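1. give me a 3D structure for the following:
(chains A and B)
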Protein chains: 2
Amino acid sequence: MHSRVCLAGLVLFAFVACAPPDQPAAADPLPSWADRAPKQRILDFISQVTDGSRPGFVPPAQRIATFDNDGTLLVEKPDYMQFEFIFDEIERMAPNHPEWKSVQPFKAALERDFETIDKMGAQGGIRLLFTTHAGMTQSEFSQLAARFVATDKHSRYQRPYTDLVYQPMLELLDLLRANDFQVFIVSAGTVELMRTYTLEVYGIPRHHVIGTTFRQHYDAATLPARILRVPEILSYNNRSAKPENIQLRIGQHPILAVGNSDGDIEMLQFAESDTLPYLQLLVHHDDAEREYEYDEGIEDALQQAAAHNWTVVSLKQDFLRLFPFDN
Amino acid sequence: MHSRVCLAGLVLFAFVACAPPDQPAAADPLPSWADRAPKQRILDFISQVTDGSRPGFVPPAQRIATFDNDGTLLVEKPDYMQFEFIFDEIERMAPNHPEWKSVQPFKAALERDFETIDKMGAQGGIRLLFTTHAGMTQSEFSQLAARFVATDKHSRYQRPYTDLVYQPMLELLDLLRANDFQVFIVSAGTVELMRTYTLEVYGIPRHHVIGTTFRQHYDAATLPARILRVPEILSYNNRSAKPENIQLRIGQHPILAVGNSDGDIEMLQFAESDTLPYLQLLVHHDDAEREYEYDEGIEDALQQAAAHNWTVVSLKQDFLRLFPFDN
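-> Below you'll find the predicted structure:
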């Protein structure tokens, strides 16, 4: 049996807080949200699920939050960042494919002729998607995606798309993480394009990004092994695929789901539960002045919101400060 | 402009540490590992990747560790926990299916006649898998799996399978998490069966479990919506599917990969990198006395280990204390 030597140490920690006398000492965690119902519902919800003395307490392991990306965290007009990437890549590849000047869907992509692309339907879009997203190694694709993210500029704001994230949503992400939520992106966008920037821009790591996926092929002919991207969609992560992939990937339903379009209806529904508190937020783009105003592609979601008491977040009224670079 | 009121507070924290005088003050983080090469390699590796002043430093976002489950974290003989679940479920369901007494593969399952099941090949096994894993809601399956995990006993140890986890591996999981690793299970086992116990047993949350998956079907005919389990395998997470699913789910290769069979070869290979330090561990079951001794199904992996300098971990020599309940 050992005799024991005990060491005692002291750590002295000085804590200094300064606050204006006419404001509460605790800082507002959502300063870019207007003092309206959505902000209050968010704060009430977080307070409820984290307070161990209340019946609506949710253990950290079940504090799952899922966010759509385009239009929910990031500007999606006049077109998705994803489409910009496709057009940009087609342009970059075009010198090696002189025939594209007269062959569809490449001609339309080079001319950014959205009307013709729309008319060609899914087949045209999928051909552009495969040409730009598959047939290379994972590491090659990541380099192409990183180059695009670093150089592309949004046509209206003349800034990288990754600057055009909603400041109120960044604050919400921070607040959720501070309250032990696991925050995931669940988007119809292709997963590896998003992974290029989600950690830096949102603080969301690669393994918390769920998106549209391509079949992968493991190739160990030489080491280190490579992952090849095969031109075959494994899962188009939209509508019902969102809750299905949430179950596959996260293994439980979210208690907070945030979206902005009909593609998010099923994910928001999936938050509903008989046993746990839940909150469903639907972002409504109604601010033509600072951003865009559109209801197309959100009509059904707005009806669901009205029918099921989802919380509609108005860009115009709820977001005091829109982008991080705004004053 | 506000005048400011400043508040100052002091937090006093007393820290007391006791250590036997003949041991170093810093506790051994891997007390159940023998002082042999594998333990030293693990400690060196963790020290290297976490020391910002060394060239082998790896930022926390890239500290990914992937572990196989059966045979790596958990006893897998005389048969996989997964198979026990299947046989247990068939037995539970049998009273409603009197014909099973004479119809294969159910007859063989009820009699635990492994030889006959083996002879039937994949078709028999898949029929048993679908019968026990699909055709119900996700929530119903979780209840069945939880019942099994709580009640099943291992034939030799007469304890729940979830007691039969390797104490040295639990210590390694803790050490990795303390060093900001993201730890994942990547197993050929079905994902929702594992999720029933991984948080409680390993401290690994549901969204860090990658396994064999079934197609899901989202059903919102009534709310709350349900996920139905469809009798179709989406991904059999073994061999090359392991790195493929790691890329899909985690979005980057592991720097530490741990396995114990030929099914793990590709996952261990996938850790190899030109740019990051990496460690590959292969558990070798060579202890007939305390556990089991077998090379079947690991022959190729042992050859790969010899050829590529993987670290072979001997159950007999490296694991001082085998199970948490051992003294």
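
2. in stretch A:281-300, what counts as buried?
-> For stretch A:281-300, the neighbour count (16 or more other Cβ atoms under 10 Å in any protein chain shown) marks A:281-287, A:291-292, A:298 as buried. Glycine gets a C-beta too; all of them are placed from N, C-alpha and C.

3. list the beta-bridge partners for residue A:182.
-> Beta bridges link residue A:182 to residue A:64, judged by DSSP bridges.

4. which stretches of chain A form helices?
-> A:37-50, A:81-93, A:106-110, A:114-133, A:138-151, A:167-178, A:191-195, A:198-202, A:241-249, A:265-270, A:299-308, A:315-318 (DSSP state H).

5. rewinding a little: quick one: which of the buried residues of stretch A:281-300 is nearest chain B?
-> Distance to chain B across the buried residues of stretch A:281-300 (Cβ to the nearest Cβ) is lowest for residue A:282, with 16.2 Å.

6. for residue A:127, give me its contacts.
-> Contacts of residue A:127 were listed using Cβ atoms under 8 Å, 6 or more residues apart in numbering or on different chains, and they are residue A:105.

7. and the gap between it and chain B?
-> 23 Å (Cβ to the nearest Cβ, to the nearest Å).

8. next step: the buried residues of stretch A:281-300 restricted to strands.
-> Those of these mapping onto strands are A:281-284, per DSSP state E.

9. coming back round to it: lowest mean pLDDT across the helices of chain A, which one is that?
-> Ranked by mean pLDDT, the helices of chain A end with helix A:114-133 at the bottom, a mean of 92.

10. tell me the angle of it relative to helix A:138-151?
-> Angle between the axes of helix A:114-133 and helix A:138-151 is 130 degrees (criterion: axes from the mean of the first three to the mean of the last three Cα atoms, to 10 degrees).

11. export only the CA atoms of helix A:114-133, formatted as PDB.
-> This file holds the C-alpha atoms of helix A:114-133, laid out as PDB (Å, rounded to 0.1, in the frame of the first residue of the first chain):
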ATOM      1  CA  PHE A 114     -31.200  29.600 -68.400                       C
ATOM      2  CA  GLU A 115     -34.300  29.500 -70.600                       C
ATOM      3  CA  THR A 116     -32.800  26.800 -72.900                       C
ATOM      4  CA  ILE A 117     -31.400  24.900 -70.000                       C
ATOM      5  CA  ASP A 118     -34.800  24.900 -68.300                       C
ATOM      6  CA  LYS A 119     -36.400  23.600 -71.500                       C
ATOM      7  CA  MET A 120     -34.000  20.700 -71.700                       C
ATOM      8  CA  GLY A 121     -35.300  19.400 -68.400                       C
ATOM      9  CA  ALA A 122     -33.500  17.100 -66.000                       C
ATOM     10  CA  GLN A 123     -31.300  15.400 -68.700                       C
ATOM     11  CA  GLY A 124     -29.500  18.600 -69.600                       C
ATOM     12  CA  GLY A 125     -28.900  19.600 -66.000                       C
ATOM     13  CA  ILE A 126     -27.700  16.100 -65.100                       C
ATOM     14  CA  ARG A 127     -25.200  16.100 -68.000                       C
ATOM     15  CA  LEU A 128     -23.800  19.400 -66.800                       C
ATOM     16  CA  LEU A 129     -23.700  18.100 -63.200                       C
ATOM     17  CA  PHE A 130     -21.800  14.900 -64.200                       C
ATOM     18  CA  THR A 131     -19.400  16.800 -66.400                       C
ATOM     19  CA  THR A 132     -18.400  19.100 -63.600                       C
ATOM     20  CA  HIS A 133     -18.800  16.900 -60.500                       C
END
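
12. need the residues of the stretch 151-300 of chain A near chain B, please.
-> Listed as neighbours of chain B in the stretch 151-300 of chain A under the rule Cβ under 8 Å from any Cβ of the partner chain: A:182, A:184, A:191-192, A:195, A:199, A:205-207, A:209, A:213, A:216-218, A:220, A:223-225, A:227, A:234, A:240-241, A:243-244, A:247-252, A:266, A:269-270, A:272-274.

13. which among those residues end up buried?
-> Neighbour counting over these (16+ other Cβ under 10 Å) leaves A:182, A:184, A:191-192, A:195, A:199, A:205-207, A:209, A:213, A:216, A:218, A:224-225, A:227, A:234, A:240-241, A:243-244, A:247-252, A:266, A:269-270, A:272-273 as the buried ones.

14. quick one, what contacts residue A:220?
-> Per Cβ under 8 Å, 6+ apart, neighbours of residue A:220: B:266, B:269.

15. please redo it, this time with the cut-off set to 6 Å
-> residue B:269 (Cβ atoms under 6 Å, 6 or more residues apart in numbering or on different chains).

16. could the helices of chain A go into TSV alongside distance to residue B:320?
-> Converted to TSV, the helices of chain A look like this (distance: least, Cβ to Cβ, whole Å):
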stretch	distance to residue B:320
helix A:37-50	41
helix A:81-93	53
helix A:106-110	63
helix A:114-133	50
helix A:138-151	40
helix A:167-178	39
helix A:191-195	41
helix A:198-202	39
helix A:241-249	37
helix A:265-270	47
helix A:299-308	57
helix A:315-318	59
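
17. bridged to the nearest residue to residue A:68 once chain neighbours are set aside, which residues?
-> With sequence-adjacent residues excluded and distances taken as Cβ to Cβ, 6 or more residues apart in numbering or on different chains, residue A:68 is closest to residue A:259, at 4.2 Å. Residue A:259 has these beta-bridge partners by DSSP bridges: residue A:282.

18. pLDDT at residue A:259, what is it?
-> Note on residue A:259: pLDDT of 98.

19. okay, it and chain B: tell me how far apart.
-> 15 Å.

20. with residue A:129 instead?
-> The value you get for residue A:129 to chain B, if Cβ to the nearest Cβ is used, is 17 Å.

21. how many neighbours does that residue have?
-> Number of residues near residue A:129 (other Cβ atoms under 10 Å in any protein chain shown) recorded here: 19.

22. now it: closest residue in space, sequence neighbours ignored.
-> Leaving aside its chain neighbours, residue A:129 sits nearest to residue A:86 (6.7 Å; criterion: Cβ to Cβ, 6+ apart).

23. do residue A:211 as well
-> Excluding the flanking residues, the one nearest residue A:211 by Cβ to Cβ, 6+ apart is residue A:191, at 3.4 Å.

24. who are the contact partners of that neighbour?
-> By Cβ under 6 Å, 6+ apart, the neighbours of residue A:191 are A:209, A:211, A:213.

25. closest to chain B among those?
-> Proximity of the contacts of residue A:191 to chain B (Cβ to the nearest Cβ) peaks at residue A:213, which lies at 5.5 Å.

26. and the residue nearest to the closest one when sequence neighbours are not counted, how far from residue B:260?
-> Nearest residue to residue A:213 in three dimensions, chain neighbours excluded: residue A:234, at 4.3 Å (Cβ to Cβ, 6+ apart). According to Cβ to Cβ, to the nearest Å, residue A:234 stands 28 Å off from residue B:260.

27. and for residue A:65?
-> Residue A:65 is 36 Å from residue B:260, where distance means Cβ to Cβ.

28. what do you get for residue A:29?
-> From residue A:29 across to residue B:260, the span is 46 Å (Cβ to Cβ).

29. go on, residue A:237?
-> Computed as Cβ to Cβ, the residue A:237 to residue B:260 distance reads 33 Å.

30. repeat that for residue A:107.
-> Noted for residue A:107: a distance of 55 Å to residue B:260, by Cβ to Cβ.

31. give me the more crowded residue out of those two.
-> Per other Cβ under 10 Å, whichever of residue A:107 and residue B:260 has more neighbours is residue B:260, with 24 against 15.

32. for that one, give me phi and psi.
-> Main-chain torsions, residue B:260, degrees, to the nearest 10: phi -150, psi 10.

33. that one reaches residue B:73, doesn't it?
-> No: Residue B:260 lies out of contact with residue B:73 (Cβ atoms under 6 Å); the separation is 9.3 Å.

34. so how far is stretch A:245-252 from its chain's centroid?
-> Put simply, stretch A:245-252 sits 16 Å off its chain's centre (Cα atoms, centre = their mean, to the nearest Å).

35. show residues contacting it.
-> The contact list for stretch A:245-252 (Cβ under 6 Å, 6+ apart) reads A:64, A:210, A:237, B:138, B:195, B:206-207, B:213, B:216, B:227.
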